[in-house]
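A.B. asks: what follows is a predicted structure for the sequence shown.
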Amino acid sequence: MSDPSLLALTLADARDGLARKSFSARELTCAYNDAVRKIERLNAYITPTPERALAMAEAADRRLAQGKARPLDGIPIAVKDLYCTKGVLTTAASHILDGFHPPYESTVTDKLWQSGAVMLGKTNLDEFAMGSSNMTSYHGSVENPWRRPGDNRPLVPGGSSGGSAVAVAARAALAATGTDTGGSIRQPASFCGIVGLKPTYGRCSRWGVVAYASSLDHPGPMTRTVRDAAIMLRAMSGHDPRDSTSAPVPVPDFEAALTGDIRGLRIGIPWEYRVDGMPVEIEALWGHGVEWLRAAGAEPVDISLPLTKYALPTYYIIAPAEASSNLARYDGVRFGLRIERNSLDEMYELTRAAGFGAEVRRRVLIGTYVLSAGYYDAYYLKAQRVRTLIARDFVTAFERVDCILTPTAPSAAFAIGDKSDDPIAMYLNDVFTVPANLAGLPAISIPAGLSGDRLPLGLQITGRAFDEETVLRVAEVLESAAQFRYLPSFVVGGHP
Amino acid sequence: MALDKATVAHIAALARIRISEAELDPLVDELSHILTWMEQLNEVDTSGVAPMTSVAAAELPMREDEVTDGGRREEILANAPRTARGFFAVPKVVE
């Protein structure tokens, strides 16, 4: 019988407890393996790997006993099933990758294992990371552990890193990897009441992460606290010659940046983020955020990001265009599903028709259209030009401020099934998160309060390129001020 | 922009995704709706603005032109739905 009280520890606490030998990596991993089984009905994991976890924990215990501990030795984490893991089924939540066992390990997960982390399993996501609700997974929807009081309807966890968010929120992983192309780390973090960090483009290698939109994809950590995000980010970061967009810059000790001192920092408040139809409670929470930072000695500054409203349509041209190219490799020849036919073209067409779900198909078709002869200039090139202007807006803003405070998402979690008949209503989930992807800037979501329905709401801090340290420092101050101590309706180990 | 059925069928053929006749009508509506929404970008003056292709440094890094990996035929073929004599196998292409 494992000890469920271990599940309440943060990653930083667990690390310190392991160092003090208050418990073993094996004990901690057993508690988490049990937790993974207990949250089965939320469908957060596609492939649990309990035996591998135990073997990794035992190796960590040996190093801890020898005084050769690594930074994450014995820390059980979940991996979004978009990261290739050597010899372990990797699905991207798509039918078309049926049975795919990568012969290699992604750079980011390899770094995590080299740091001593323990793999609990692979988590569910929207198919190929295309979605904001986790409803597009071939392996079924993921359920948010939070519910509205007095309402039994299951809620979405957000997406696309919904399984990772649920595993962390429901205490079935100490931390998880996610990926963020238009908000896929930050929006589910906001919906599930956890911390999600999208680093600067180039900070974490994309090598071995199944590609969606290469100029927008960002690997990053999902955790319960800002400190845990800093610890995870350090282990996941660093230059990788196998990713030509990986940045050859040093990796700072992000945890050391958490000084609690933000006096004199200038915090930008972009008025364009007051979008039509934003619930008053989110606007109120944003106002609290401004006051919390002011009280800590920072100076709020009104700024303008005039092209904010064009970020979403820009994103929904560029991302599908890149996706249509990246997903051309799924053709039934080298891996995954194949529908046998006598002609090659028929085999391609039927394999891809059977293998891709509705949202993936929609985006591949949109992408094919905007890249096709006659429409390339009007859509794709136009979007790339607007992207230049959006990135320029941020450069201008960062001449006056050190970081930017906004809400993470325009709503709290919604019910499973809602918004699924209108693609654009679904796309609007990403209105506050997409700009940082277009500009490649670091941005974090932290749980800051509850909605009127008692569901978590996040606030987002966006910073200058490669200045995750300021982002994390400000986020930690915000986290301390917000005092978010609420737990989901369902949490392994139960409520205290 | 409103697409017609022939255009959607053409895009689907380019993308190598088989779309049945029954699926075509709803898809025409969906894609037209999305494209019309995207056209709000025409409100933005982008004359003289260079397209942004990447946020990373524009210059790709160079390395020595040398073999860094290889000899992994079995590993690479292990995931293939069909192989023959150490190759990926596909339906007959040339008569």
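C.D. replies: Right, received. Where do you want to start?
A.B. asks: show me the helices in chain B, by range?
C.D. replies: For chain B, applying DSSP state H gives helices covering B:5-14, B:21-38, B:73-77.
A.B. asks: where are the low-confidence patches of the chain?
C.D. replies: In the absence of a named chain, chain A is used. Under the criterion pLDDT under 70, the flagged ranges of chain A are A:1, A:496.
A.B. asks: oops, I was thinking of chain B
C.D. replies: Residue ranges of chain B with pLDDT under 70: B:57-58.
A.B. asks: so for it, the centremost residue is which one?
C.D. replies: Centroid-nearest residue in chain B: B:A15, 6.7 Å away (criterion: CA atoms, centre = their mean).
A.B. asks: contact partners for it?
C.D. replies: A:S324, A:R352, A:V364, A:L365, A:T368 (CB atoms under 8 Å, 6 or more residues apart in numbering or on different chains). No exception for glycine: its C-beta is placed from N, CA and C like everyone else's.
A.B. asks: ranking by neighbours, what's the top pick from these?
C.D. replies: Most neighbours among these, by other CB atoms under 10 Å in any protein chain shown: A:V364, with 29 neighbours.
A.B. asks: if I look at it, how far off is chain B?
C.D. replies: Distance of A:V364 to chain B, given as CB to the nearest CB, to the nearest Å: 5 Å.
A.B. asks: now that residue: which helix or strand?
C.D. replies: Using DSSP states H and E, A:V364 falls within helix A:358-371.
A.B. asks: residues making contact with that helix?
C.D. replies: For helix A:358-371, contacts defined as CB under 8 Å, 6+ apart pick out A:94, A:126-128, A:130-131, A:136, A:316-317, A:319-325, A:327, A:353, A:356, A:375-376, A:379-380, A:383, A:423, B:3, B:7-8, B:11-12, B:14-15, B:17, B:27, B:30-31, B:34-35.
A.B. asks: dump the residue contacts of A:L64.
C.D. replies: A:L64 touches A:L18, A:A19, A:K21, A:S24, A:A25, A:D73, A:G74, counting by CB under 8 Å, 6+ apart.
A.B. asks: tell me the angle the helix holding A:V364 makes with helix B:21-38.
C.D. replies: Comparing the axes of helix A:358-371 and helix B:21-38 via axes from the mean of the first three to the mean of the last three CA atoms, to 10 degrees yields an angle of 60 degrees.
A.B. asks: just name whatever secondary elements the helix or strand following helix A:358-371 is in contact with.
C.D. replies: Proceeding N to C from helix A:358-371, the next assigned helix or strand is helix A:382-397, under DSSP H and E. Helices and strands touching helix A:382-397, by 3 or more CB pairs under 8 Å, 6 or more residues apart in numbering or on different chains; DSSP states H and E, are helix A:311-326, helix A:434-439.
A.B. asks: restrict the first one to CA atoms and write it as CSV.
C.D. replies: In other words, helix A:311-326. Presented in CSV, the C-alpha positions along helix A:311-326 are these (Å, rounded to 0.1, in the frame of the first residue of the first chain):
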residue,chain,number,x,y,z
ALA,A,311,-3.5,37.4,-34.0
LEU,A,312,-6.2,34.6,-34.2
PRO,A,313,-6.9,34.7,-37.9
THR,A,314,-3.1,35.0,-38.6
TYR,A,315,-2.5,32.0,-36.5
TYR,A,316,-5.3,30.0,-38.1
ILE,A,317,-3.7,30.5,-41.5
ILE,A,318,0.0,29.9,-40.6
ALA,A,319,-0.6,26.9,-38.3
PRO,A,320,-2.7,24.9,-40.7
ALA,A,321,-0.3,25.8,-43.6
GLU,A,322,2.6,24.4,-41.7
ALA,A,323,0.5,21.5,-40.5
SER,A,324,-0.5,20.5,-44.0
SER,A,325,3.2,20.3,-44.9
ASN,A,326,4.3,18.5,-41.7
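A.B. asks: could you find the closest non-adjacent residue to A:I282?
C.D. replies: Excluding the flanking residues, the one nearest A:I282 by CB to CB, 6 or more residues apart in numbering or on different chains is A:P407, at 5.0 Å.
A.B. asks: count of neighbours near the one you found?
C.D. replies: Using other CB under 10 Å, A:P407 is surrounded by 26 other residues.
A.B. asks: with B:E74 instead?
C.D. replies: 10.
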